[in-house]
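K.L.:
Please work out how this folds:
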Amino acid sequence: MSTKQKVFLREATGLVRSFTWYDATILSLAVTGPTIFGISSQFGYVAPSNPGADFGLSAAIGLLFMIPLAIVYYLFSIQMPRSGGDYIWLGRTLNPVLGFVGGWAMFGSFIMLLASASVTEPSVVMPDVAVALGYVWNNPGLISWGQALPSSNTNLFLGTLLTVGIGVIIASFTPRIYSKIMLTLAGIIFLATFIFIGAFGVATPSSFAAGLSAMTGGSVTVSGLVSQAAAAGTPYAPVTMAATFLAVPFGVLLFNGFNYSVYVSGEVRNVKHGMFWGVLVALAICGILDITGLYLIEGAMGFPFIQAIWNLFVAGKFSLGVQPWAPLFIPAVVTNPYLSSFVEIGFLLFNFWWAAGIAICVSRYVFAFSFDRVLPTVFADVNERIHVPLKAVGLTTAVAILFIILSIYTSYIGQLLNVTVIWTIVWMMVGLAAIILPFWRKQFTSGLPGGKVLLPLFGVLTIIAMGTTFYWGVTNSGLGPTGPGSLEFIAGLFGSGLLIYLARYFYFKGKGLDLIKGQMEIPPE
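P.N.:
Here you go, the predicted model:
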């Protein structure tokens, strides 16, 4: 029996190439979120941290940082189209140990993100939607319910569990059913997003001010909120290039996720075409929608109002009682109650769509680790009827629930998890792999577009761009915790990957199997 046959569980993964180019594109868009949610979230991240920043311009600059990474991920995904994406590329190009350490860190960050970011559904989305619909349909009880919802940890836990649970269930269906559900959700969410962007696009500061006054019966006004913020000690900060550049790191992270379709590239038909759409076109779509949306909203609301509502919310003085994300103000720019309600539904559905995207990516990491025997091989089992690694999905679910509990009932995740640092470290590792692949692993470069030039060139640019973002990640607390505890946590995450790999390596070494030697080959399809 050959080393390849011993290391890999079987001669075929059991996964089927059933996803199309539009499935790959929708997966990347679901995780990146160039929708009502993603556009609105940028105001929430930037406004409190960088008053005076131009939201649209900082995002446009951030997009430039992602272009080299997009080229690198696309080229790797068509050279080594396997489940696990960067885990496979790093292991086969640099070293299997480094591949698992990097992949394990990404897996850990993804599953913690699945748990902690899904909290936004009950803490932000549901409350904002309830309050907005309360004003649309003149229902004070709905407004009160939305304002009270985030105050209970039980509500947060149940709402987050519902979000993750629905996402995992969707990821457990056959590829065909998964595709149909994701496509249906995409249709609803993007139609709502187009209405959302269009409504703010035709609005002006004066029409928005009149709409907000009409929405609240005159109890909340643009001028009143701006004056209240100034009286509270947070007057309007004029927009400057200095503040805008400080907000660029948030612009970079706005586009994280555009490349996540690479984690299911082993299940995509016509990989070169599919991943072109799933990575490069996905990033272009994200750039167009996010930047357009940001510019139109900041133009309609006005910088003084945006700064005021976020300053008041941070101070606990925002009169509407929920986080002031842009969908809260949809009734001010969309006067038709049915159309306004549809936009709110599109906002409400996003996190379930997003969770289904993240869940399938995390489960494919688990599958790839197990197929290489680094994790217990049972998690590489593929259901023969539906062609889904259900045990890997099950492990994803169990670990996610643990992190949901930690996210809501403790402060550990919020105080320690800095995904910016984790991602940029791995992305720099991928950049290094891109530089050396054409020279060190020539057996993997047959048909590589651009020969020995294109991939290394963009590998260098990726290291520069992500190295800069890494610096921001460890120095800008707005991007995540930066204290010694956080850095120790990140070191522990990477270090635990090393310990797991070494434990499995010596275990199999004692049985006459060299994992490192076997994992120098690309896994079978």
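
K.L.:
Okay, now the unreliable bits of the stretch 151-300 of the chain?
P.N.:
Counting by pLDDT under 70, the stretch 151-300 of the chain contains no low-confidence residues.

K.L.:
ok now do Ser468, which residues does it touch?
P.N.:
No, residue 468 isn't Ser; it's Thr. Phe65 (CB atoms under 8 Å, 6 or more residues apart in numbering). Every C-beta, even on glycine, is put in place using the N, C-alpha and C of the backbone.

K.L.:
Kindly report the same for Met215.
P.N.:
With contact taken as CB under 8 Å, 6+ apart, Met215 is in contact with 135, 329, 331-332.

K.L.:
again, only using 6 Å
P.N.:
The contact partners of Met215, taken as CB atoms under 6 Å, 6 or more residues apart in numbering, are 135, 331-332.

K.L.:
host element of Asn138?
P.N.:
In this structure, Asn138 sits in neither a helix nor a strand according to DSSP states H and E.

K.L.:
count of neighbours near it?
P.N.:
Residues lying near Asn138 (other CB atoms under 10 Å) number 10.

K.L.:
From here on, call the first residue 25.
P.N.:
Got it, the first residue is 25 from now on, which makes the last one we talked about Asn162.

K.L.:
got the phi/psi numbers for it?
P.N.:
For Asn162, the backbone dihedrals (degrees, to the nearest 10) come out as phi 50, psi 50.

K.L.:
ok, it to Pro355 distance?
P.N.:
Counting by CB to CB, to the nearest Å, the separation of Asn162 from Pro355 is 11 Å.

K.L.:
quick one on the thing from earlier: can I get the contacts of Met239 in CSV with pLDDT and secondary structure?
P.N.:
Listed next are those as CSV, based on pLDDT from 0 to 100; DSSP: H, G, I helix; E, B strand; the rest coil:
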residue, pLDDT, secondary structure
Tyr159, 98, helix
Pro355, 97, helix
Ala356, 98, helix
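
K.L.:
Can I have the buried ones of these as a PyMOL selection?
P.N.:
Typed into PyMOL, the line below selects the buried ones among the contacts of Met239, using 16 or more other CB atoms under 10 Å:
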select buried, resi 159+355+356
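
K.L.:
mind putting the contacts of Met239 in TSV, distance to Pro547 included?
P.N.:
Conversion of those to TSV gives the following (distance: CB to CB, whole Å):
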residue	distance to Pro547
Tyr159	54
Pro355	52
Ala356	53
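
K.L.:
just curious, which of the contacts of Met239 is nearest to Ile382?
P.N.:
Closest approach to Ile382 among the contacts of Met239 (CB to CB): Pro355, at 30.6 Å.

K.L.:
ok, that closest one - contacts?
P.N.:
With CB under 6 Å, 6+ apart, Pro355 has these contacts: 156, 159-160, 239, 364.

K.L.:
How about Ser73: what's its closest non-neighbour residue?
P.N.:
Gly502 (3.7 Å; CB to CB, 6 or more residues apart in numbering).

K.L.:
For the stretch 325-474 of the chain, which segments count as helices?
P.N.:
327-338, 354-357, 361-395, 414-433, 436-440, 443-464 (DSSP state H, counting those that start in this stretch).

K.L.:
Sort out which residues of the first one are buried, please.
P.N.:
This means helix 327-338. Those would be 327-337, for helix 327-338 by 16+ other CB under 10 Å.

K.L.:
packing partners for it?
P.N.:
helix 60-73, helix 246-255 (3 or more CB pairs under 6 Å, 6 or more residues apart in numbering; DSSP states H and E).

K.L.:
To Ser176, which of those lies closest?
P.N.:
Smallest distance to Ser176 across the helices and strands packed on helix 327-338 (CB to CB): 21.4 Å, for helix 60-73.

K.L.:
Pull the residues that contact that closest one.
P.N.:
Identification of contacts with helix 60-73 by CB under 6 Å, 6+ apart yields 77, 79, 217, 220, 271, 274, 278, 314, 317, 330-331, 334, 338, 349-351, 370-371, 374, 502.

K.L.:
Can you tell me which of the residues you listed are buried?
P.N.:
Using 16+ other CB under 10 Å as the burial test, those include 77, 79, 217, 220, 271, 274, 278, 314, 317, 330-331, 334, 349-351, 370-371, 374, 502 as buried.

K.L.:
Now do stretch 138-148: distance from first to last residue.
P.N.:
End-to-end span of stretch 138-148 (CA to CA, to the nearest Å): 16 Å.

K.L.:
same question for that stretch, mean pLDDT?
P.N.:
Averaged across stretch 138-148, pLDDT comes to 96.

K.L.:
got the helices and strands packed on helix 327-338 as TSV, with distance to Pro151 and mean neighbour count columns?
P.N.:
Shown next, in TSV, are these (distance: least, CB to CB, whole Å; neighbours: other CB atoms under 10 Å):
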stretch	distance to Pro151	mean neighbour count
helix 60-73	13	23
helix 246-255	18	17
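
K.L.:
Roughly how far does the residue lying closest to Leu414 once chain neighbours are set aside sit from Leu430?
P.N.:
The spatially closest residue to Leu414, leaving aside those adjacent along the chain, is Asn407, at 5.1 Å (CB to CB, 6+ apart). Asn407 sits 30 Å away from Leu430, taking CB to CB as the criterion.

K.L.:
and the two? which has more neighbours close in?
P.N.:
Leu430 (18 against 14).

K.L.:
so that one makes contact with Tyr436?
P.N.:
Yes: using CB atoms under 6 Å, Leu430 is in contact with Tyr436, at 5.4 Å.

K.L.:
pretty sure the residue nearest to Ser73 is in a helix, no?
P.N.:
Yes: judged by DSSP: H, G, I helix; E, B strand; the rest coil, Gly502 forms part of a helix.

K.L.:
Return the per-residue confidence for it.
P.N.:
75.

K.L.:
can you check Leu33 too?
P.N.:
We note a pLDDT of 55 for Leu33 in this prediction.

K.L.:
just to revisit the earlier point, got the helices of the stretch 325-474 of the chain as TSV, with distance to Leu114 columns?
P.N.:
Formatted as TSV, the helices of the stretch 325-474 of the chain follow (distance: least, CB to CB, whole Å):
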stretch	distance to Leu114
helix 327-338	39
helix 354-357	43
helix 361-395	11
helix 414-433	20
helix 436-440	24
helix 443-464	6
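
K.L.:
quick revisit: could you dump the helices and strands packed on helix 327-338 to TSV with distance to Ala195?
P.N.:
Putting those into TSV (distance: least, CB to CB, whole Å) gives the following:
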stretch	distance to Ala195
helix 60-73	19
helix 246-255	41
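
K.L.:
where does the nearest residue to Leu336 once chain neighbours are set aside fall, phi/psi-wise?
P.N.:
Computed as CB to CB, 6+ apart, the closest residue to Leu336 that is not its neighbour in sequence is Phe342, at 4.3 Å. Note on Phe342: its backbone torsions stand at phi -80, psi 120 [degrees, to the nearest 10].

K.L.:
Nearest residue to Ser285 in space, ignoring adjacent ones along the chain?
P.N.:
Gly302 (3.4 Å).

K.L.:
A helix includes that neighbour, no?
P.N.:
Yes: residue state for Gly302 (three-state DSSP) corresponds to a helix.

K.L.:
For it, which residues are in contact?
P.N.:
Contacts for Gly302 (CB under 6 Å, 6+ apart) come out as 48-49, 52, 285.

K.L.:
What of Ala350?
P.N.:
64, 321.

K.L.:
picking that back up, please tell me how far the residue nearest to Ser285 sits from Thr49.
P.N.:
Going from Gly302 to Thr49 by CB to CB gives 5 Å.

K.L.:
same deal with Leu352?
P.N.:
Distance check for Leu352 against Thr49: by CB to CB, it reads 30 Å.

K.L.:
do the same with Gly126
P.N.:
25 Å.

K.L.:
can you check Leu372 too?
P.N.:
Note on Leu372: its distance to Thr49, by CB to CB, is 23 Å.
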